[in-house]
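Visitor: structure here, sequence nowhere to be found:
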């Protein structure tokens, strides 16, 4: 737990990145989930296709969907190698749109919510500890030097940096502790584009209200606004654009129509789980309890993309459907708290009944920990110290520790013969006889395969720590065959690439990218 938010935070001295090379443009939103991450990803791919060296940057991201990077501020291990770090999944997707590997400098501060008022704080791949929101706001000025250092390193490597704000840029009551919206724009001298979302309604009030809340210097920094997620006859909305420009003095930089391909890209925010599910009634029925601190839920995207598979998120207040073939327990940032959620919702009874009737259960990361007999947290890493009974479906127990495991995987599963790529990202260590029946045997090419995960005696309950495992087409096909379903010929990585290309086309068709680029400085 972080006790002193005013204590200076050290970060390793790195070589001087040199003078800033890149032009930069910042996208701020009128609220969360207006489409900032998606727009930045589309612009990253569009400008990359034009031959520019483009990099994304988001000073602070709050998300339990994270990706592993090959760099970090952690000290070298015994082998002399720098351990991996982590950033928000959205910035990893934006890096992919730029056709480069993700880096900690693209998202130097990552907040991973664990309770309603507290989060784990990750600075450039290094876990600083957990703290409550009030403590974090006092701590943010200590993070600012590392944020600016990462921005300058990113800008020294590129022709163009596309900077994403967080939430709403008009939360002016947080101005003193801001490190990711207008304070960053001021320090880095960034021109700002305001993005509004018309799909939720109130776009006119959101843009005009944002202008009203900004002070004069903030208003002057804005170079225009874009309206996102438009559907219908644009001519009917043109008077609203005229009124917004009249009230704010900001020019309209375009209206982005609704992008149908958004669901083919990994979502950053758990708000995406509130949208209606696709594919209901198809072939294999997979049910996923929607936990309170669900993490890395994009693990399920490749399964949901299969035409013969229906993936349904079970919302609180609803039982797990009786026609479910497989229940998947996803990752979570608070394993014990979400075990309590399972019991409060009665999902534990549904899961145990499902197994008794011959159904299958898969646990991923924290979901794997929940399948064991007990989860202990003696140091209070994820909440109050103590222990919580698991579901008892695997003969295992887990202890949450202070040291985080971050591993990038590219191996072959000797049991299925399939390639397995992905990553491990967890705080706990799991022990017990159940590990003698592993789910995977990962051969990293060094001649000594490593067991991963566990399988119950009857083979119907399976779990492991590997995220992203279903993204490998061969492994996904083998797993689907094992649970009695038929895989398609889906190439999941090609599907994501095609979606990024379509998103870039969408930006080209709806916006004047030459004019936007001219606004960057």
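Guide: Cool, the structure landed. Everything numeric in this text was worked out from a predicted model, so none of it was measured. Numbers count the residues shown, from 1 in each chain.

Visitor: just the helices in this structure please.
Guide: 36-49, 89-97, 133-155, 182-188, 203-213, 216-221, 238-248, 301-305, 335-345, 347-356, 366-370, 473-482, 492-510, 513-519 (DSSP state H).

Visitor: what comes into contact with the last one?
Guide: I take that to be helix 513-519. Defining contact as CB atoms under 8 Å, 6 or more residues apart in numbering, one finds that helix 513-519 is touched by 23, 25, 43, 46-47, 50, 160, 191, 193, 223-224, 253, 507. Yep, even glycine has a C-beta here, placed from its N, CA and C like the rest.

Visitor: could you redo the last one with a cut-off of 10 Å?
Guide: Helix 513-519 is contacted from outside by 23, 25, 27, 42-43, 46-47, 50, 52, 159-160, 162, 191-193, 223-224, 226, 251, 253-254, 504, 507, 512, using CB atoms under 10 Å, 6 or more residues apart in numbering.

Visitor: of those residues, just the buried ones, PyMOL syntax please.
Guide: Applied in PyMOL, the following selects the buried portion of the contacts of helix 513-519 according to 16 or more other CB atoms under 10 Å:
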select buried, resi 23+25+27+42+43+46+47+52+159+160+162+191+192+193+223+224+226+253+254+504+507
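
Visitor: just the ones of the contacts of helix 513-519 in strands?
Guide: Using DSSP state E, 23, 25, 27, 160, 162, 192, 193, 223, 224, 226, 253, 254 are the members of the contacts of helix 513-519 that sit in strands.

Visitor: thinking the second one is in contact with residue 188, fair?
Guide: I take that to be residue 25. No - counting by CB atoms under 10 Å, residue 25 does not reach residue 188; the two are 11.1 Å apart.

Visitor: which neighbours do these two share?
Guide: With CB under 10 Å, 6+ apart, residue 25 and residue 188 have common neighbours 161, 163.

Visitor: contacting residues for residue 373?
Guide: 389, 390, 391, 392, 393, 394, 395, 396, 397, 398, 432, 434.

Visitor: low-confidence ranges, this protein, go.
Guide: 115-117, 268-282 (pLDDT under 70).

Visitor: can you list the domain ranges for it.
Guide: Following automatic domain parsing, the chain resolves into domains at 23-263, 276-493.

Visitor: could you export those domains as TSV, including distance to residue 518?
Guide: Shown next, in TSV, are the domains of the chain (distance: least, CB to CB, whole Å):
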stretch	distance to residue 518
domain 23-263	9
domain 276-493	34
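
Visitor: between those, which one is nearest to residue 521?
Guide: domain 23-263 (5.6 Å; CB to CB).

Visitor: how far is the closest one from where the chain is centred?
Guide: How far domain 23-263 lies from its chain's middle: 13 Å, per CA atoms, centre = their mean, to the nearest Å.

Visitor: what of stretch 448-461?
Guide: Put simply, stretch 448-461 sits 28 Å off its chain's centre (CA atoms, centre = their mean).

Visitor: check stretch 289-307 too.
Guide: Centroid separation between stretch 289-307 and its chain, computed with CA atoms, centre = their mean, is 12 Å.

Visitor: next: stretch 342-349.
Guide: Its chain's average C-alpha position is 26 Å from that of stretch 342-349, according to CA atoms, centre = their mean.

Visitor: name the residues that touch that stretch?
Guide: 287, 289-292, 314-320, 327, 329, 339-341, 350-351, 354, 370, 388-392.

Visitor: can you give me phi and psi for the closest residue to residue 350 other than its chain neighbours?
Guide: Nearest residue to residue 350, sequence neighbours excluded (CB to CB, 6 or more residues apart in numbering): residue 320, at 3.9 Å. With angles defined as degrees, to the nearest 10, residue 320 sits at phi -70, psi 130.

Visitor: for the closest residue to residue 460 other than its chain neighbours, what are its contacts?
Guide: Take residue 460 and drop its neighbours on the chain: the residue closest to it by CB to CB, 6+ apart is residue 360, 5.0 Å away. Residue 360 is in contact with 286, 324-328, 354, 456, 458-462, 482-484, counting by CB under 10 Å, 6+ apart.

Visitor: top of the residues you listed by neighbour count?
Guide: residue 462 (27 neighbours; other CB atoms under 10 Å).

Visitor: can you pull the contacts of that residue?
Guide: Contacts for residue 462 (CB under 10 Å, 6+ apart) come out as 326, 328, 360-364, 368, 371, 393-394, 437-440, 453-456, 479, 482-483.
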